[in-house]
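# Have a look; sequence and predicted model below, questions after that.
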Amino acid sequence: MSTFPYRRRTAGAGSASGTQEHNIDVGATRHSDAQQSTAHSLARHDAGTRSIRIASPASPSPRASDAPTANYSQTPDSIRGRTMILSSLALHAGIRDSISSNRSDGVGAALGLGPGGGTRRSSMDDWSSIDQILAGPRPDVSNLTRLLCERPHERTGAAGLPRPDYSYLGSERVPKNARRQASALLANEGCRDTNHHRHDTQTREQQPLPLVPHAEIPKQHPDDMQLPDEQEPLILPQPCISDAASGAERRYSFLHRRVHTALGLVLVPLQYIPAVVLGLIMNLLDGLSYGLIAFPVSIPVFAKFGPVGFSMYMLSTAVSQLVYSGGASAFRGANGTMLIEAIPFLYAICNTVLAGVDESQPDRIIATTMVAYVSSTLITGLVFFLLGFLKIGTLVDFFPRHILVGCIGGVGYFLLQTGLEVTSRLKLAVSWSILRDLFEPNTLGLWSSSFALAILLRALNARFTSPLFVPVFFMIVPAVFYVTTAVLGLSMETLRAAGWVFELPDAGVPFYYFYTLFDFGNTDWHVVLKTLPTILGLAFFSILHVPINVPALAVSTNVDKIDTNRELLAHGISNLLSGILGSFQNYLVYSNSVLFIRSGGNSNLAGMMLCAATLAIFFSGPAIIGYIPTMVVGALIFHLGLELVKEALVDTVGVVNRIEYATILAIVLAMAMVGFNEGIFLGILMACFFFILLYSRRSALRKAYTGSAVRSTVRRLYSQRRFLDDVCRQIQVMRLQGFMFFGTINGVEAYIRNLLEQRQWQANPIRFLVLDFALVTGMDFSAAEAFIRIRRLLEAREIYMVICGAERVSEVGNALRTAGIWSDGGCEYVQTSLSLNEALEWCENVLLQYYYIHQAALAGTEVPQSYYILPAPQPDNIDMYGSSPRHAMVTRATQSAMPAEDDSQPPKPSSDTVSPAFPLLYQAFLDLEPDEAADEALAFVAPHFVRKQLCADQYLWRVGSAPEGMYLVESGTLRVYVDNGLGDLEAVESILPGTSLGELALITGRPHSTTVITDSTVVLWEFSKSVYDGLSAKDPAQVLAFIRLALMYPAQGMAAITAYAFCAQ
């Protein structure tokens, strides 16, 4: 039986899982022994549960806006609550240390300890487990072991803490093997008595528990199925014989072990008998529902092929069970069976054979059909094997799941139709005669009774949800049927003649009868080739179930690591062996495997026993079919059909979107009215079409903002930053994402055209359009061609297109270069940068070029050639009143940023000796604090700056090094790097001449958190830490005034880095 599992899991632990909830007042100022006890219990229970709700006793009711966060496993409230707990633990530890070290009697009094509270021993001293965890446990001992093995109340004599509650180990949420392991660790198990092996529990409780490495109790989710672990062998413990034992004792011990071994060989298989019996019943029921309809019995040539299909089914099931239980699969209790979804394809193969072979040659039809069936099994096995052997099983995951759901719905419709044909013994067709025959009294009773049983089963199954209910139901139905017929006095011949019981197979038909139907000399190989498209469709449809059933079974059986390629290999071996033996396809079935494992069959031995029982049914022959009521088989088929139709058309309502649901419905209708191959093909076409439609609705524009929101991380002079603050709106940044193709590029182009509209242009004229391709995965020809139109549009407005985030040799870079959208394409209005930060830095530099050009034009001076980054108009040609919105913005910003005439030259210090560093200091802090006190502070510290020169690629400091001073850059540039966590340094900031660095480390005295390297030869002025400490003691007021100035640069840098880190992403 195939099902499409929909598993629901709830986040967090509730009352159903047995998880305790602790309400802790983290804001309390009085910490009593009871609170310490609660916290100790909190830490102990949190090691084995998923979440603990932290709430104040007087916490308000949840707000309505917080309700959606219940859909997440980690909500902001839960994270914040855990943070509060850790903060309170750190606070408690600090208070405890101050109490125990007699540092403050006032603290002890505040905590309610009374006079001399500083010398009183607090119960927090006993909270050693939490402190050890916060301080970091030994690498060879796990946190849970420490919590379980620590007994602080016995060690310190504190009476306030309760005894650790080890009854948690008996919880049903803990698997048996984990309970056994933890119990063994806690009991310090060993051989203590050579005769009866008993432990003195009283003595054991008084002994300290050992620290055993990594004794973790696994966490389980309350919704996980409680599947039993591998059963313990029913063997008594072996006695331990000491070295000093006598020879008689050794002989007795040897005999004892032999007896126990013999008993184990008998008793171990006995414990798997219930699971094997249940698995055999499921195989019989599936064989009656699948095997009997493997051939279209409504067609005269296949009218007596029900027993043949049953025998082939049992053989295929036994083969798959042998392969899976033999170690090919990672699941020890996996069950294999025939693929029910394969039956529609098998019927399509039969129809192709009937259309290609003359119906006057029934032997040729049968031989060709048998060869085609076996060929489908071999090709399916070969596909499975190649996918697993080449380790490309993940390719199956790319197939849309809603198409598979639609195919399952089509199989459900087919099963409903097959159920009508099997029970009514009619070949359904759209005609009045068939409809009239369906409602003939005897025929109506045949199919309506089966359908009524299926409805009754579904109604009862909604009430009785045990997996054992369905097999028990179908065991009761035949008994009720024969009791009823016996009361009515109906004979078996009458029942078979009326169609209520299947016909007896021909007398003397052996179990290997289907092998006699193969006749390779009478096979029409040309017709077999015609069935190849259907066979390939069957193989394609078969492989889709492995990525669904295997992970679902892994979740249900708590298997952590599953290799899909290994399971594909197992399926390939199983199907190839089944094909060689002349049988059907098979695969790992989820529902039967879960039922088998939950019944105690989680063992390879149990699987082998089920294989042997299935082979016994196979060798006994198909005679059992002649005693099976048709209503049992019909009810099974109707039940499966209704389940699959419900799964496809009902369970998906509200789960998939409307487009996907329309695809599912179309596939079901196409399979019902046209055919299965046509339905799959239609589903693939619709999936491709709707994928393009849905993906095109997703905007390729991740975020758009101006340069005033995000700036480069270059540390510039304050006057330059003030100018850029006014003109950075001319930088427009667009972060693109995803795969750009003809369906998504239109939205990007429309957004850019909207920026250039007249009204928008007057409000926010732009000079630079920065296109960030860092999140773009690919680009087709249509998108590249669209960027050609965008480039022409921007070039007409003299707007620079700045490309960043795309490597030159990459899919995106190659597409852009092919379209001529690159800096080497001959267009001056196209520029390229490696990263967004560099692109923003380039745009700011160009704007600063205009600043100095306008400044020169306003002042009537010449501009050095070093300021020219791009060709720009000379000062004489600039319209000072602005000829466009962009020029007007630059002119106003230049006038605002230019210093006043009286501030253009630094004032002369009161001292007769002028320090060489004073002009640089004055330039760096010119506009930060233009007052007399600031000038005096600069004049006070200027003589203490010492000139230094560093070569290119030289470290100024490294991360973790002690601060040596602050530095003022006279010439050259430096880069600030941080460790990206992978051992590589990543540049985050650039330091330009006229700015300072190292202020924070100098003031705080903490080690450097970054690494600074020179880009070229750099001239610095150093203000050393020793001088800073001396001046702070000599004249703290002047040093404080200087610190106020010095901290403004790192404040600006931090603001730029923060904006870039959060807003630009």
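Received the coordinates, thanks.
# ok, which stretches of the stretch 301-450 of the chain are helices?
Using DSSP state H, counting those that start in this stretch, the helices of the stretch 301-450 of the chain run over 306-323, 343-356, 362-389, 401-424, 432-438, 441-463.
# Can you name every helix or strand that the last one contacts?
Under the contact definition 3 or more C-beta pairs under 8 Å, 6 or more residues apart in numbering; DSSP states H and E, helix 441-463 sits against helix 401-424, helix 432-438, helix 469-488, helix 630-649. C-beta here means a position set from N, CA and C on the backbone, and glycine is covered the same way.
# List the buried residues for that helix?
Thr443, Leu446, Trp447, Ser448, Ser449, Ser450, Phe451, Leu453, Ala454, Leu457, Asn461 (16 or more other C-beta atoms under 10 Å).
# quick one, it and helix 401-424 angle?
Angle of helix 441-463 versus helix 401-424, following axes from the mean of the first three to the mean of the last three C-alpha atoms, to 10 degrees, is 140 degrees.
# got a list of contacts for helix 441-463?
419-420, 423-426, 437-438, 469-470, 473, 477, 498-500, 630-639, 642-643 (C-beta atoms under 8 Å, 6 or more residues apart in numbering).
# are any of these buried, and which?
For the contacts of helix 441-463, buried by 16+ other C-beta under 10 Å: 419-420, 423-426, 438, 470, 473, 477, 499-500, 630-639, 642-643.
# what's the lowest-pLDDT member of the buried residues of helix 441-463?
Lowest in pLDDT among the buried residues of helix 441-463 is Asn461, which has 87.
# Next one: that one relative to Pro471, how far apart?
Separation of Asn461 from Pro471 (C-beta to C-beta, to the nearest Å) stands at 12 Å.
# Could you do Leu755 as well?
Here Leu755 is placed at a distance of 68 Å from Pro471 (C-beta to C-beta).
# what's the answer for Tyr290, then?
15 Å.
# Pretty sure Ser583 sits in a helix.
No: Ser583 is assigned coil when assessed by DSSP: H, G, I helix; E, B strand; the rest coil, not a helix.
# can you count the residues close to it?
The criterion is other C-beta atoms under 10 Å. On that basis, Ser583 has 26 neighbouring residues.
# quick one, what contacts it?
By C-beta under 8 Å, 6+ apart, the contact set of Ser583 is Met312, Tyr313, Leu315, Ser316, Val319, Val374, Thr377.
# does the fifth one really touch Asn586, like I thought?
Yes: look at Val319 against Asn586 with C-beta atoms under 8 Å: they come within range, at 6.9 Å.
# residues shared between the contacts of the two?
By C-beta under 8 Å, 6+ apart, the residues touching both Val319 and Asn586 are Gly336, Ser574, Ser578.
# Point to the helix or strand of this structure where mean pLDDT is at its lowest.
Sorting the helices and strands of the chain by mean pLDDT, DSSP states H and E puts helix 33-46 at the bottom, at a mean of 37.
# how about the nearest residue to Glu421, chain neighbours excluded?
Counting by C-beta to C-beta, 6 or more residues apart in numbering, Glu421 lies nearest to Ser298, which is 4.5 Å off, once chain neighbours are set aside.
# Pretty sure the one you found sits against Ile434.
No: counting by C-beta under 8 Å, Ser298 does not reach Ile434; the two are 11.0 Å apart.
# can you list residues touching both of those two?
By C-beta under 8 Å, 6+ apart, Ser298 and Ile434 have these common neighbours: Leu426, Lys427, Leu428.
# Now tabulate the residues you listed in a markdown table and tack on pLDDT and distance to Ser253.
Shown next, in a markdown table, are the shared contacts of Ser298 and Ile434 (pLDDT from 0 to 100; distance: C-beta to C-beta, whole Å):
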| residue | pLDDT | distance to Ser253 |
| --- | --- | --- |
| Leu426 | 84 | 73 |
| Lys427 | 80 | 73 |
| Leu428 | 79 | 73 |
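# Assumed Asn704 was part of a helix.
Quick fix: residue 704 reads Ala, not Asn. No: if the criterion is three-state DSSP, then Ala704 is strand and not within a helix.
# So what pairs up with it in the strands?
Met734 (DSSP bridges).
# Touching, it and Gln737? I think so.
No: using C-beta under 8 Å, Ala704 makes no contact with Gln737, being 11.7 Å away.
# Pick out whichever of those two has more residues nearby.
Comparing Ala704 with Gln737 by other C-beta under 10 Å, the one with more neighbours is Gln737, at 18 against 15.
# what's near enough to touch that one?
Contacts for Gln737 (C-beta under 8 Å, 6+ apart) come out as Ala700, Leu701, Arg702, Leu775, Val776.
# The first one: neighbouring residues, count only.
This points to Ala700. The number of residues packed around Ala700, counting by other C-beta under 10 Å, is 25.
# Now do it against Arg947, distance only.
Note on Ala700: its distance to Arg947, by C-beta to C-beta, is 52 Å.
# Between Ser298 and Ile434, which is the more surrounded one?
Using other C-beta under 10 Å, the more surrounded residue of Ser298 and Ile434 is Ser298, with 17 against 14.
# Report the secondary structure state of that one.
Assigned by three-state DSSP, the conformation of Ser298 is coil.
# got a list of what it touches?
Contact analysis of Ser298 by C-beta under 8 Å, 6+ apart lists Glu421, Val422, Arg425, Leu426, Lys427, Leu428.
# next one: Arg1006
So, once contact is read as C-beta under 8 Å, 6+ apart, Arg1006 ends up touching Pro963.
# Torsion angles phi and psi at it?
Phi and psi for Arg1006, reported as degrees, to the nearest 10, are phi -90, psi 160.
# Count the neighbours of Glu757 for me.
Neighbours of Glu757 under the rule other C-beta under 10 Å: 10.
# how far away is it from Met801?
18 Å.
# just Arg716 next, same as before
24 Å.
# Which one's more surrounded, those two?
The residue with more neighbours, out of Arg716 and Met801, is Arg716; 26 against 22, by other C-beta under 10 Å.
# quick one: the more buried one and Ser996 touch, right?
No: in this structure Arg716 lies outside contact range of Ser996 using C-beta under 8 Å: 11.9 Å.
# now the strands for the stretch 201-350 of the chain?
With DSSP state E, counting those that start in this stretch as the definition, the stretch 201-350 of the chain shows strands at residue ranges 336-338.
# Does the closest residue to Glu811 other than its chain neighbours belong to a helix, a strand or coil?
Spatial nearest neighbour of Glu811, excluding adjacent residues (C-beta to C-beta, 6+ apart): Gly778 at 5.1 Å. Classification of Gly778 by three-state DSSP places it in strand.
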